[in-house]
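Asks: Pasting the sequence and the predicted coordinates here, then a few questions.
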Amino acid sequence: MHGPSQRAGSVAALEGFVSPIKAARAVMETTAHVMFVGEGAAALAAERGLECVADPAAWYTHAGGGQDRTGEELATGTVGCVAMDETGALAAATSTAGIFGKPLGRVGDCPVLGAGVWADPRVAVSCTGAGEMFLRAAAAAQVAHRVRFGGESLADAALAALAEVKALGGEGGLIALTADGQVTLPYNSAGMKRAALMPDGTFLCDVF
Ligand code: ASP
């Protein structure tokens, strides 16, 4: 999602492509629509020449098979990014394989604008965690709207949105930034792999 214009692209139930984010971007940049799913998303990605996963066995990591487990909990695999360019334009992107053991056809928060991803001229947000509760809380848009309409700081807005997710029975985290340079990376899950590169070159990177 591109903040200044609030143009957006999204794909769900897409298999077999190396970069779902590139597919989402192709939706945004080359169609008059916002969201494509399943076969239609795959056809669009193929038409635009996006790279396919040539060898699935070598490409995919089985859920729970990696080193990144906390206790008995299965690791999740969402990757999100929020960014500001040199003109102050914000953007956000979120990509996931979903949650472990999800039923066929289940779509989480990541491809849903306002739930797992959001960018407007003022705020960009990318979320990870229990997608159903992020959907029900409209978590990403909630952060932006708390800042815009409620006058909250970005950090307060993010904590409040995560508290609502928690009250609904879910946990997770988010990364967010504002066009005036506020950055926040809170979580209420056991940990969240996160990193931030600040304009002065400072680099933050942490898990717990
Ligand atoms: N939010 C994702 C989902 O519910 C999962 C994750 O963040 O790992 O599909």
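Replies: Sure, I can see it.
Asks: need the residues of the chain near the ligand, please.
Replies: Residues of the chain lying near the ligand by Cβ under 6 Å from any ligand atom: 76-78, 96, 98-99, 108-110, 116, 128-129, 131. Just so you know, the C-beta spots here come from the backbone N, C-alpha and C atoms, and that holds for glycine as well.
Asks: Same list (these) but as TSV, adding pLDDT, secondary structure and neighbour count.
Replies: Formatted as TSV, the residues of the chain next to the ligand follow (pLDDT from 0 to 100; DSSP: H, G, I helix; E, B strand; the rest coil; neighbours: other Cβ atoms under 10 Å):
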residue	pLDDT	secondary structure	neighbour count
T76	65	coil	20
G77	71	coil	16
T78	87	coil	23
T96	92	coil	19
G98	88	coil	18
I99	86	coil	17
G108	96	coil	25
D109	97	coil	31
C110	97	coil	28
G116	98	coil	29
T128	96	strand	26
G129	95	strand	26
G131	95	helix	27
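Asks: Next, format those as TSV and append distance to A58.
Replies: What follows is these, written out as TSV (distance: Cβ to Cβ, whole Å):
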residue	distance to A58
T76	22
G77	17
T78	22
T96	21
G98	21
I99	24
G108	26
D109	29
C110	24
G116	28
T128	25
G129	29
G131	27
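Asks: and which of those is nearest R25?
Replies: C110 (14.5 Å; Cβ to Cβ).
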